[in-house]
Each structure stands twice: as C-alpha cells, then as structure tokens.
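# Here is a sequence together with a model predicted from it:
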Amino acid sequence: MSEAMDFKVIGTRPIRPDGVDKVTGRASFGADFSLPGMLEGAVLRSPHAHARIKSIKTDAALAASGVKAVVTGADFPQVAAGAIEGGEGGGDFADLAGNVIARGKVRYHGHAVAAVAAQSRAQALAALALIEVEYETLPAVLSLDAALAESAPLIDEGLMTSGLAEPATAPSNLASVIEMGNGDLDAGFADAALIVERRYQTPTVHQGYIEPHACVGRWGQDDQAMLWCCTQGAFDVRSMTAKVLGQPVGSLKVIPSEIGGGFGGKTTVYLEPLALLLSKKSGRPVRMVMTREEVFRATGPASAATIDLRMGFSQDGKITAAEATMAYEAGAFPGSPVGPGTMCVFAPYRIANFRIKGMDVLVNKPKAAAYRAPGAPQALFATESAMDEAADKLGIDPIELRLRNAVEEGDSAIYGPKFGPIGLRACLEAAAAHPHYTKAKDAGVGRGVAVGFWFNVGLQSSAEVHINEDGTVTVIEGNPDIGGSRASMALMAAETLGVPYESVRVVVADTETAGFTNVTGGSRVTFATGMAVVEASKDIIAQCCSRAASLWSTDEDMVEWRDGAVHPRPGVNVEAKPLSLKDLAGKAGRTGGPLLGKASLNARGAGPGFSVNLCDALVDQETGQVQVKAFTAIQDAGKAIHPSYVEGQLQGGAVQGIGWALNEEYVYSPEGVMENAGFLDYRIPVASDLPMIDTQIIEVPNPGHPYGVRGVGETPIVAPLAAVANAVSASAGVRMTELPLSPPRVLEALDQA
Amino acid sequence: MQGFAYEAPSSLDALRARLAAAQGAGELTQVLAGGTDLLVQMKQGQRAPGLILDIKRVGETQALTVDGDWLTIGASVPAAKAKAFPLVAEAFPGLAHAIDLIGSSQIQGRASLGGNLCNASPAGDTIPALIANGFEAQILTADGLRTLPVEAFVTGVGKNALASGEVLLALKAPVPGPRSGDAYQRFTPRTEMDIAVVGVGARLTLDDAGVIASACIALGAVAPQAFLAEAAGAALVGTRGEPQALEAAAAAAMAVAKPISDKRGSADFRRRICGVLVKRVVAQALERCTTGGTK
Ligand SMILES: Cc1cc2nc3c(=O)[nH]c(=O)nc-3n(C[C@H](O)[C@H](O)[C@H](O)COP(=O)(O)OP(=O)(O)OC[C@H]3O[C@@H](n4cnc5c(N)ncnc54)[C@H](O)[C@@H]3O)c2cc1C
C-alpha cells in the first residue's frame, strides 16, 4: 500500500446498516425464528459435576403429553478424533461430540444428558422430569491443583498427556504440555540485578454475551437439513454439526441470524445437533433456546489459569531472562487456550533467554470456549504485573521500562516469526504523552499501566460484489456481524469502487449463498474478509475497464479507472465520456451480462495488534471496594476503517477486562455446582461502575492489507486485567496477584499489608 | 409458567370479599403490587399461584399523604412516586435513598415499598430504613385492620406476619421533629443492579444541646430478617457521635449481626462491613440532624 493514502470514505463514521433495526427491536436474533408446526426442545442436564451414567429411561417422557421425540447420547454416532480447523477455540471433533451430549459419563454439572421435543416448552420441561437417569457419582475435580495431584480422580480414563519428551505411561488429567525456550536461562538470571518471581491466578469467567444460544433445526424428508441459529460462523456450525451427526457437510444448510454478542463463545455448537436429531426423530422443526442459567452452566467459559512467573532485570531495566509455567483449565475436555497463552506471555518484549511451559488441564467444569484473544489476558496479566513491580522496584517509569524492552519491526517474536511494522512503541509513546498519564493523580488513587498483545489471524474468506442495474452495490459475504463489520465492508467496497457508502448494501449470507468463510473470530473479518471484498471490487473494476474498452473499440490498456468511472487514459484519442458503474450496469445486457465480482482467498499477512492501557483506581481502605476513576485504551489499528467501531471495540474490551479484573468469577460449591449462574451474582460491570473509557487509535499501517488494516477486536481485552491490578496494587499499597479483585480479597490483602 | 387467573378488585370491600372467597375455596392466591419480585419468581418456577390479586386499584394502597403527624405510604405506591414525595425527600432522605436503590428507573416505576417488605428478603433495601424510622404496617384483616411495627412484620427469609387472607394496606410513620436525620447505605460489589451484602439504616434525634437523644439503627442482610440493633443505638445516646461513640456503636452492631457465609460474602466479611457501614450511616444521619429535618 502506498504510504499516504487519500481516502474518501474510509475513516468516516456513517451509521451501521443494522443499527436502527437493533435499537428499535426489529432485528431478528436466534430465538426469533419460527416455522409452522415447530416443536420446542429442552435439555436434561447433569445434576452432578462428575458421575457415571448407569442407565437412562426415557419411556415415560416419550409417552408424556405433547412429546414427539427424545434423544440421548445413544442416538448419536461415534465420532472419530480429528482436529477442528479454522476455529478460535480449537479442539477435537470427538470431544466436541462428547460435550454436545454425554455418553457413559457426565463430566460437569450442566452437561447435556438427554433432550426432548414437545409441542410447548412447558410440556418439554415436564417431560424432562420424567426421564430417569441412574448415576454413580464420582469425586469432582475443581481446581488445577486438585487435577494435577498424584492420585486425582481421572476425568477421562483414556487421556494420555501429549507433548512430553517421553510418551506418557499412565492416564492423567494433564491433556498436553507445550514447551519452548531460547538462550541460557541460568546465565540470564545470573546477570539480573532484580528478579521478580510470583504466582498469578485468574478465575473462570464467562464471555457474558447478552443473547443466549438459540437455534431452529429442520430435518427434511430427503435428509437435507436446515439450521437457523445465532453464531459467529455458519460454516463452522455446518462442519461441526455435520460431524457430530455423521452427515455429509453438503446436506446441511446453516442460516445465521443477527447475533447478540459472542466474544468467541459462539464459535462452537451446543444445541444445534440436538435440535436436528430431535427434528429427524419427530419429523417436525424444533426450536431450542437456552436460559441464562444454562448459558452459565453449559457454555463458555474462559479458562481459569495459574501462572508461575520469574523475570530478571538489569539495573537499567533490560529483561535478562524470563520463565513462565502456565497451567490453564480446559474444562471437561482438552483444549484450553494455553497454546496461544504461551505464545503471548512474553510477546511484547525482546528477551534473549526464556523458557515457557504450558499445561492443558482437565477439570469438572464446562469445556472452555474462546473468549477475545483466548489465553492472552491471563498470560499478560502475569507479565504486565511483574513489569509493573519491576518498574517500581527499579525506580523506572513503567512506560519507560516497557520502551526499553519493546519489540520493533525486524525483531523476531519469541513465538517465531519476524515482526513487520508494529505499533507497540508508538502506543507507549502516545501513552506517555497522554493527558491521562501526565496529569497528577488524585489523593489515594493508584495508576496502572499495561501492554496488550494479540496476533490477529487471516484464514479463508470469500466475497461477491454485485452491481445492480441502477448502479447500487450488493456485497455478499459469510461473516456474522458482531462488531459493525457490515459498515466496514461497505466502506471498503465504496472506497474501492468510488461510490457513496449509502449505495452499498452488505449481506451476511447463509452457507449456500456465500462462499466458504472462516469464523468471525481472531480479529480477522475486517482484515481478511475485507481483503476479499476489496479484491472482488477490483474484479468489478477490471470487468468495467474491459467492457468500456470494447464499447469504445479500443484496447484495455488504453483505459483506466478513476473516481468511480472508466476514463480513456490521458492522451488516448478516444471520443468518449467516462463510464460510471451505473452507466455500465445499465448497459450490462449489451456488454457481457451481469456485473459480478468475486474473490476467495486465504489471507496472509495479518498484522499483530499492540495496545497500552492506563487505569486510575481508588481502593476503599475500609471495605476493599475498588472504584475505577479513569481508563484510557490506546491501540494500533493499522488503519481504522470506521473509527467509531474501532473505538467501540477498545471500550468494550476495556469494560470486559475491567469486569474480569474486579468482580467476575464462577463460584463453585464443593460438589462442583456453580452457585452464581445468573447476572445478579455473576457481576459484569454496569454503566455506573465505569468511568468514560477514553480511547486513542494509533495507525501503523499493516502492509498485508490493501488499506493497512490490522485486526482490532481482541487486543482490547488483554491489557485491562493488569492495568486495573497495577492501579489497585498502587492504591492499596500491596501487590495483588490473584483475580478478581473483589472487595473481600482486597480487604484481606489490606489486612496483610 | 403455569396458567393463572388475574383479578383487580377496585375497593377495600371487594378486595376483602375476594380474599375471603379465595381462602374458602383453597385457591393459592398471591397479591400483586408492582410484580417486580412476583413475576420473576413465577418465571423461575418458584411460585405458581392459581389466582393473582392486583391491589393497585384499591385506593387505600395508593395513598401518599401527610395527616397531622403521620406519613402514610400506601402499600402499592410505586417507588418512583414515593421517593419524590416532598415529605419523604425532605424528612426521610435515608428512606428515599433506600427506595432509589431498588433496581432502575424502569423497576421503580412499578416496585412498591409494600412489595419490598412483604417479599421479606433479608437484603430488601427499604426494610432497615423503614425499621429505623419507626414505620408501622397497617394490615387489612378479614374483619378490620391491625397494625404491627415493621420490625415485627418480617418473620424469616421470605416470610411475613400476614395470616392467610390478610393484605398489607399501608406503611405509616411519625413525621420526625426538628434536629432529626436518617440515613441508609448498603454495600454491594457493584454500584447498581446488585443485592445488599449488608444494609444499615439509622434515625437519630438530637436534643437542644446537640447531644444524641435517640438513635435507632437497623441492620439488613446480616440475619434472616432485618432487625433493630438496640445496643448500637444505645451506644450513641448521650454522646455527640464522637469517633469513640461511632466505634462503640459499630462494635455493638457487629456483636449482634449474625451473618451467614455464602456466594455474596463470608460471615466475617459481612460483619466487618456492617461495622464500617454503621459508622458511615450514623455520621451521615448526624450531619442531617443539623442540616436537614422538618418543622
Ligand atoms: C432488576 C431488579 C432489580 C431489583 N433491585 C432491587 C434492589 O436493589 N433492592 C431491593 O430491595 N429490591 C430489588 N428488587 C426487588 C423488587 O423490585 C423489590 O423488592 C420491590 O420493592 C418489590 O415490590 P413490588 O411492588 O414489585 O412487589 P411484588 O412483586 O408485586 O410483590 C412481592 C411479594 O410481596 C407480596 N405482596 C406485595 N404487596 C403485598 C401486599 N400489599 N400485601 C401482601 N402481600 C403483598 C406479593 O404477593 C409477592 O409475594 C429488584 C428487582 C428487579 C427485577
């Protein structure tokens, strides 16, 4: 891309096309769809965190009034192991199937055991009570320590640890181990003038999307099936559901609804295979909608983590060595995001000597799902807390300390590749100059600084651009819009084609209308699908040039595209008025048929995203309550296609991160029952808990994208955990290493200070 | 949710007659004021009444008056109206604040003080404020009226003193005299949309010399029901609310608090916060004795 681009519409802030319908309540979400003759489905969930299923009797339920079908694990095919590609959460198809419905054993309280379809929800619920399940309860494993203990009860009797130097000889709850390192750790620590060594812990948290999971499934007579659902990836729902049901991918069509939040939690399937099998058995469409309680008990969460960190520093603040041992809770099936966690933990810094070990650990909790920058918030909570402590002990300004170690273009990332142009230094410099940082703190207030990082990904995307006969533009793509991406796609198409934003309509299509597209996740949509939209628009431009040349009876290289129209090249002797998109669309019948541009690609060159957050917090010394007084999120967006929606991502990530830091956590009974499965006691921040979240967008263009875009959706949640904890530590006068910083925990720390 | 019948009698007599009939027929009846507790409980399957009796059309439950020395707040008066009533806002700022803590503007358009009290949650926000201010519950019985101090109205978690067929009609309190002030504060991890971990209400009155002549301190969420911490009040009487007096009141309150440990906080944490809040609430009420008050 050229250095100084002169944009016409990119960088403006038009209203998103879905906005009015959403604020007026007209938009259709997952639970809003219905079909004639539709049944309502409900799920029987395990009352135990860990138990063997000895028998399930469904006769009475099936005979109950209004009931048309009952399914249990025995109705589903055995699914062979195999890695799930292209998603955010990763994992294995066999485990996915085991999570959708229990077979032989229940692995967490809330695990689906059976499902019923009936004419009304009340009938379905009444029928659930008639299903008799005989359990043999087993001891519940609820923490990393308990799971890794010598004689821990086994959650999966066949699980052999992968990734060990010597193959495992006995099963355990440790699913896998990841190790990486470089340099000479001992020498690095020997060189250190200061070593910070601590254990950091973060709790199980939920993504907290407002819309519960919901779908309608219809199995056709011809074994062709349809699913309407709220998801971050219709193609992922298609491949996962097809796999769980043992059906060919082509037999299933998935139609995504509007989505009321996902944050990574809607990149897998829970209800969809159940609804379809119930539909197959009953011959009727089946709707399934989770309650909020089910969302908490059976979906998400983000992994709890324990990170043992050791970092060495020279007197002038250079990191001499760093070591991290990171254990993440996978939940009941393997697949926590400890992998990306290990890659992120030291990513912002130049470190010659390091060693990192990651452990994926089974516990009797719901299977962890992706949550914005999966694995990174936990990891950087540890590193950025240690950096803060080091700055304090070395007497170096915390931003300055980070500048002395920050990675730059040309550095090798500790996880492998060489960085291209990146914005860490620019973000740090912006933070140092920001009025939030330069203004004096109020009495008692602590100020925290932290850096955030996420790789951002590319993956596969498709797009079609149709020019309608009046010159308006329809863009067809396959990424459910969770953050305003339709507006960004329209801006990129409008910019490329030289037409007004208002003349572009972007459609999020189903799996039989859009070309294959990976999930809305990994902060990839504006980058990768945006690239496909730009390429498809360029395909239109090439076709327009070719058609104009033939209309003008000249060669294609005699014409050029400028300001939304084909012009004869300067100096070319053609008597012709420029032909706009509208002109050419009107003449399409005479110039070769409809104007349809296409692109499908596997996007390379995703640009890593860095951020710096500033937080002012005040601790009530008598109650331990924390008030966040000011918060500023500074982040490199590459190029902000729609600045308001970039700011929205920064603010939303900050708020979720503040919640993670302050009050969010799963509270479990000793038996493994979540005690706060609702928004009253699972405390996400409310508006009055928060200051205005200030934002500053930095733009270090990503050369891998035609307009310089790098993903922005995930990095924002990474830095807040440590930014808040560092501010709280400063205000409390004691180092806080375990989240959440709820009043009882802060008060306890104050007592010990 | 199960099916149910809904009726809204429009007079005291009609209400009484309907209650008697329901009682005779053994109908599972639930009174409805704002419904902000009841509907949630029905949706969650915790209650399944056969008959819902809406009392909002009975004029007496909508009363909001000052009659001589008495303030009357009808049992179904919405929170938004009650907190904005001039006498409540001026002479009962602590109660007004407790009312204002309930839910949000939308919830306050419906939620009533009567509902808050009858629902009998240990954490109900208006209850300590009502107790501290000496409110009485006026109850409609099968053949007349009876009154009970609010303190005696709640009998346990979710339990109240109403007999079958009885309805709470109104809440009444003496209008405070000069040099008097009340306050209520609750502790919650979040600023809003949360449930009290501890709630403390206080009403203080000073004598001519500025010495505390009477002090009522009520504690919420630290026992099965909100209650008057008499020893805490006694520790203040005869003092000017000096720091030692506040400490003594806090210690007395902590001694009588009987909190449980649950997902919302350990017993120790609750007891400690109770002490902190007593000091803060008394200090606030004391300030209002000199700046606020009526007459
Ligand atoms: C989002 C939300 C937030 C909330 N926040 C708070 C809060 O911060 N603090 C707080 O204390 N509460 C809170 N509540 C609970 C509730 O709003 C209050 O308890 C409210 O005061 C109840 O009043 P109501 O008129 O809606 O009661 P209703 O739901 O109508 O009744 C509650 C109960 O009392 C019975 N009842 C009502 N009136 C009478 C009567 N006159 N005689 C006999 N029985 C009667 C009903 O049968 C029912 O069992 C919240 C509720 C919601 C939904």
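It's in. Residues are numbered from 1 along each chain as shown, chains lettered A, B, ... in the order given.
# Report the residue ranges of every domain in chain A.
A:19-26+A:458-603, A:33-138+A:211-260+A:266-298, A:305-455+A:607-752 (automatic domain parsing).
# Would you mind giving those as JSON lines with mean neighbour count, distance to B:Arg271 and mean pLDDT added?
Every residue, glycine included, has its C-beta placed from N, CA and C. Below are the domains of chain A laid out as JSON lines (neighbours: other Cβ atoms under 10 Å in any protein chain shown; distance: least, Cβ to Cβ, whole Å; pLDDT from 0 to 100):
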{"stretch": "domain A:19-26+A:458-603", "mean neighbour count": "20", "distance to B:Arg271": "45", "mean pLDDT": "95"}
{"stretch": "domain A:33-138+A:211-260+A:266-298", "mean neighbour count": "21", "distance to B:Arg271": "29", "mean pLDDT": "96"}
{"stretch": "domain A:305-455+A:607-752", "mean neighbour count": "23", "distance to B:Arg271": "12", "mean pLDDT": "98"}
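# mind checking which of those domains is nearest B:Leu53?
In terms of Cβ to Cβ, the element of the domains of chain A nearest to B:Leu53 is domain A:33-138+A:211-260+A:266-298, at 23.5 Å.
# got the end-to-end distance for the closest one?
Counting by Cα to Cα, to the nearest Å, you get 23 Å between the two ends of domain A:33-138+A:211-260+A:266-298.
# Kindly report the same for stretch A:54-68.
First-to-last residue span, stretch A:54-68, Cα to Cα: 25 Å.
# what's the offset of that stretch from the middle of its chain?
Put simply, stretch A:54-68 sits 38 Å off its chain's centre (Cα atoms, centre = their mean, to the nearest Å).
# Where does pLDDT dip in the stretch 1-150 of chain B?
B:1-2 (pLDDT under 70).
# Of all the residues in the stretch 251-400 of chain A, which one is nearest the ligand?
Minimum separation of the stretch 251-400 of chain A from the ligand (Cβ to the nearest ligand atom) falls at A:Arg292, amounting to 13.0 Å.
# Quick check, that residue in contact with A:Ile210.
No: if you go by Cβ atoms under 8 Å, A:Arg292 and A:Ile210 don't touch, sitting 9.4 Å apart.
# okay, the domains of chain A in CSV with distance to A:Met160 next?
Shown next, in CSV, are these (distance: least, Cβ to Cβ, whole Å):
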stretch, distance to A:Met160
domain A:19-26+A:458-603, 30
domain A:33-138+A:211-260+A:266-298, 12
domain A:305-455+A:607-752, 11
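# Could you save those domains as CSV and add columns showing distance to chain B?
Converted to CSV, the domains of chain A look like this (distance: least, Cβ to the nearest Cβ, whole Å):
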stretch, distance to chain B
domain A:19-26+A:458-603, 15
domain A:33-138+A:211-260+A:266-298, 8
domain A:305-455+A:607-752, 4
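# Which one, of those domains, ends up nearest to B:Ala231?
Counting by Cβ to Cβ, B:Ala231 lies closest to domain A:305-455+A:607-752 out of the domains of chain A; the figure is 21.5 Å.
# Quick one: end-to-end distance for the closest one.
Using Cα to Cα, the distance between the terminal residues of domain A:305-455+A:607-752 is 24 Å.
# swap in stretch A:664-682?
6 Å.
# Next, see if that stretch gets close to the ligand.
No: Stretch A:664-682 is not in contact with the ligand by Cβ under 6 Å from any ligand atom; minimum separation 8.1 Å.
# Give me the residues contacting that stretch.
A:48-50, A:108-110, A:140, A:142, A:203-206, A:208, A:292-293, A:296-297, A:301, A:304, A:364-365, A:683-684, A:739-740, A:742, B:193-195, B:262-264 (Cβ atoms under 8 Å, 6 or more residues apart in numbering or on different chains).
# how about 7 Å then?
Contacts to stretch A:664-682, defined as Cβ atoms under 7 Å, 6 or more residues apart in numbering or on different chains, come from residues A:49-50, A:109, A:140, A:142, A:203-206, A:292-293, A:296-297, A:301, A:364, A:683-684, A:740, B:195, B:263-264.
# One more: stretch A:363-371?
A:49-50, A:88-89, A:99, A:107-108, A:110, A:140-143, A:147, A:155, A:204, A:207, A:263-265, A:267-268, A:297-303, A:329-333, A:335-337, A:521, A:672.
# Please name the residues that touch A:Val709.
A:526-527, A:530, A:638-639, A:641, A:702.
# Is it located within a strand, as I assumed?
No: using DSSP: H, G, I helix; E, B strand; the rest coil, the assignment for A:Val709 is coil, not a strand.
# Next, it: phi, psi?
phi -70, psi 140 (degrees, to the nearest 10).
# how about stretch B:210-225 as CSV, C-alpha atoms only?
What follows is stretch B:210-225, C-alpha atoms only, in CSV (Å, rounded to 0.1, in the frame of the first residue of the first chain):
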residue,chain,number,x,y,z
GLY,B,210,-26.8,18.8,70.2
VAL,B,211,-26.5,15.5,72.2
ILE,B,212,-28.0,12.4,70.7
ALA,B,213,-31.3,11.9,72.4
SER,B,214,-32.5,8.9,70.4
ALA,B,215,-30.8,6.6,67.9
CYS,B,216,-32.4,3.7,66.0
ILE,B,217,-30.1,1.5,64.0
ALA,B,218,-31.4,-1.3,61.8
LEU,B,219,-29.3,-3.9,60.1
GLY,B,220,-30.1,-5.7,56.9
ALA,B,221,-28.6,-8.8,55.2
VAL,B,222,-26.8,-9.9,58.4
ALA,B,223,-29.6,-12.1,59.7
PRO,B,224,-32.6,-14.0,58.4
GLN,B,225,-34.5,-10.7,58.7
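# check contacts around the residue of the stretch 251-400 of chain A closest to the ligand.
A:212, A:678-679.
# do that again at 8 Å, thanks
So A:Arg292 contacts A:212, A:677-679 (Cβ under 8 Å, 6+ apart).
# cool, B:Met193 as well?
B:Met193 sits next to A:679-680, A:686, B:103-104 when contact means Cβ under 8 Å, 6+ apart.
# Tell me the secondary structure of it, please.
B:Met193 - assigned by three-state DSSP - is coil.
# so what pLDDT did it get?
As predicted, B:Met193 sits at a pLDDT of 88.
# do you know how far it is from A:Thr299?
Plainly put, B:Met193 is 22 Å away from A:Thr299 if you go by Cβ to Cβ, to the nearest Å.
# do A:Glu556 as well
Relative to A:Thr299, and taking Cβ to Cβ, A:Glu556 is found at 54 Å.
# the strands in the stretch 401-550 of chain A, which residues?
A:445-454, A:459-467, A:473-477, A:504-508 (DSSP state E, counting those that start in this stretch).
# of the contacts of A:Arg292, closest to A:Val71?
Of the contacts of A:Arg292, the one sitting nearest to A:Val71 (Cβ to Cβ) turns out to be A:Pro212, at 20.6 Å.
# If we ignore the residues flanking it in sequence, what's nearest A:Glu197?
Counting by Cβ to Cβ, 6 or more residues apart in numbering or on different chains, A:Arg310 is the residue found nearest to A:Glu197 once chain neighbours are left out, at 4.4 Å.
# a strand runs through the one you found, doesn't it?
Yes: counting by three-state DSSP, A:Arg310 falls inside a strand.
# In the sheet, which residues pair with it? Tell me.
A:Glu197, A:Glu323 (DSSP bridges).
# contacting residues around it?
A:Arg310 touches A:189, A:195-197, A:321-324, counting by Cβ under 8 Å, 6+ apart.
# As TSV, the residues you listed with distance to A:Leu277 would be great.
Listed next are the contacts of A:Arg310 as TSV, based on distance: Cβ to Cβ, whole Å:
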residue	distance to A:Leu277
A:Phe189	56
A:Ile195	56
A:Val196	53
A:Glu197	52
A:Ala321	54
A:Ala322	49
A:Glu323	48
A:Ala324	43
